[in-house]
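Trainee: From the sequence below, what's the structure:
(chains A and B)
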Amino acid sequence: NAGVMQNPRHLVRRRGQEARLRCSPMKGHSHVYWYRQLPEEGLKFMVYLQKENIIDESGMPKERFSAEFPKEGPSILRIQQVVRGDSAAYFCASSPPSGLAGPTDTQYFGPGTRLTVL
Amino acid sequence: SQQGEEDPQALSIQEGENATMNCSYKTSINNLQWYRQNSGRGLVHLILIRSNEREKHSGRLRVTLDTSKKSSSLLITASRAADTASYFCATDGRYGNKLVFGAGTILRVKS
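Mentor: The predicted model follows:
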């Protein structure tokens, strides 16, 4: 069973370009989370999605950032008109479908996409 | 200060010694998790302890949780050079979907 897959692993963009980060959750997982990690810091929650639904986007910047998890295909985190401050590692995590008690607890992380904005 | 703060920020020990890292948090939790991150890599889940548990073991790892003090500790016994990594605690929110991470403890095990 493959783990969480993210691509690309490294992405270089110039200021003003768009960045698209992809995440394929573990097989059977229907919950996807995106986190951002700045250098020397811990991870910061950005958004939580289920298939075709955004459940919690309280950590997403109001502008330029969007996320989706379509019925088919990977989850996409899109950053429009990137700026240097967007340079960071972006991690995706997934967890299995929720039971009666809500989402299961353990989130499994992908290897991350390291975005560098020149 | 943030939820899920670890201390110390950095820890350097000799191979074979034990390493203890602490984590404090502010709000009520359902569970607390510890993750390891090797330099430039993703996070590896180590252990999850629920709010009604006080101690949990997994191999050379021992985690304690004191909900009255809102703190947790991670003990790695008989450390190895391969344990060199950053260690993060993460707490869930009331609804258990987003994890709140601390800034981490950088552990260096010298051989």
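Trainee: for the residue in chain A positioned nearest to chain B, what are its contacts?
Mentor: Nearest residue of chain A to chain B, counting by C-beta to the nearest C-beta: residue A:42, 3.7 Å away. No exception for glycine: its C-beta is placed from N, CA and C like everyone else's. Residue A:42 makes contact with B:4, B:88, B:101-104 under the criterion C-beta atoms under 8 Å, 6 or more residues apart in numbering or on different chains.
Trainee: Now it: closest residue in space that isn't a chain neighbour?
Mentor: Beyond its immediate neighbours in the sequence, the residue positioned closest to residue A:42 (C-beta to C-beta, 6 or more residues apart in numbering or on different chains) is residue B:101, lying 3.7 Å away.
Trainee: partner residues bridging residue 7?
Mentor: Let's take chain A. Here residue A:7 shows beta-bridge partners residue A:22, assigned using DSSP bridges.
Trainee: actually chain B
Mentor: With DSSP bridges applied, residue B:7 shows beta-bridge pairing to residue B:22.
Trainee: Kindly tell me how buried the residue of chain B found nearest chain A is, as a neighbour count.
Mentor: Residue nearest to chain A within chain B: residue B:101 (3.7 Å; C-beta to the nearest C-beta). If you count neighbours by other C-beta atoms under 10 Å in any protein chain shown, residue B:101 ends up with 25.
Trainee: what does residue A:7 give?
Mentor: When counting by other C-beta under 10 Å, one arrives at 15 neighbours for residue A:7.
Trainee: and the end-to-end length of stretch B:74-91?
Mentor: Criterion C-alpha to C-alpha, to the nearest Å; first-to-last residue distance in stretch B:74-91 is 14 Å.
Trainee: Kindly indicate which of the contacts of residue A:42 lies nearest residue B:57.
Mentor: Relative to residue B:57, the closest of these is residue B:88; by C-beta to C-beta it sits at 19.5 Å.
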